[in-house]
Each structure stands twice: as C-alpha cells, then as structure tokens.
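In: Here is my input, please return the structure:
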Amino acid sequence: MGRGDVKTKKGKIFSKSFGKVRPARIRKTTATAAPKAEPKA
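Out: Prediction:
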C-alpha cells in the first residue's frame, strides 16, 4: 500500500493515472459571449 499500488490515491498520483479513487479534475466550460444588444434607433 504505497506508491506502487495503483488502487490507492498515492499510487495513482505516482503512476499519473485517474480513476474512482482519484477522479480527474473537471474542466468548466466557459459560457459563450451573449450577442450585444443593438442600439435602438
């Protein structure tokens, strides 16, 4: 149970893998820019 054990969080960090024990960071999608309101004539 250490760096060589891929079933633990420390082992996943060492082997640079992700899974149930160490979920990957969820990237938040940026919202698309709303179209600018046209000035009233």
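
In: what's the distance between residue 26 and residue 4?
Out: As for residue 26, its distance to residue 4 is 28 Å (criterion: Cβ to Cβ, to the nearest Å). Placement of C-beta: from N, CA and C, glycine included.

In: Show me which of the two is the more surrounded one.
Out: residue 4 (10 against 6; other Cβ atoms under 10 Å).

In: any weak-confidence spans in the protein?
Out: Scanning the chain for pLDDT under 70 picks out the ranges 31, 33-35.

In: can you do 80?
Out: Within the chain, the stretches with pLDDT under 80 are 1-2, 19-23, 26-41.

In: hey, C-alpha coordinates of stretch 7-26 in PDB?
Out: Taking Å, rounded to 0.1, in the frame of the first residue of the first chain, the C-alpha atoms of stretch 7-26 are listed here in PDB:
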ATOM      1  CA  LYS A   7      -5.500   1.000  -6.300                       C
ATOM      2  CA  THR A   8      -4.600   3.800  -3.800                       C
ATOM      3  CA  LYS A   9      -4.600   7.500  -4.300                       C
ATOM      4  CA  LYS A  10      -0.900   7.800  -3.700                       C
ATOM      5  CA  GLY A  11      -0.200   5.000  -6.300                       C
ATOM      6  CA  LYS A  12      -2.400   6.800  -8.900                       C
ATOM      7  CA  ILE A  13      -0.600  10.000  -8.300                       C
ATOM      8  CA  PHE A  14       2.800   8.200  -8.800                       C
ATOM      9  CA  SER A  15       1.600   6.400 -12.000                       C
ATOM     10  CA  LYS A  16      -0.100   9.600 -13.300                       C
ATOM     11  CA  SER A  17      -3.500   7.800 -13.800                       C
ATOM     12  CA  PHE A  18      -7.000   8.700 -12.800                       C
ATOM     13  CA  GLY A  19     -10.000   6.600 -11.700                       C
ATOM     14  CA  LYS A  20     -12.500   6.100  -8.900                       C
ATOM     15  CA  VAL A  21     -10.100   6.700  -6.100                       C
ATOM     16  CA  ARG A  22      -8.500   9.800  -7.800                       C
ATOM     17  CA  PRO A  23     -11.100  11.500 -10.100                       C
ATOM     18  CA  ALA A  24      -9.700  13.700 -12.800                       C
ATOM     19  CA  ARG A  25     -10.200  17.400 -12.500                       C
ATOM     20  CA  ILE A  26     -13.400  18.500 -14.300                       C
END
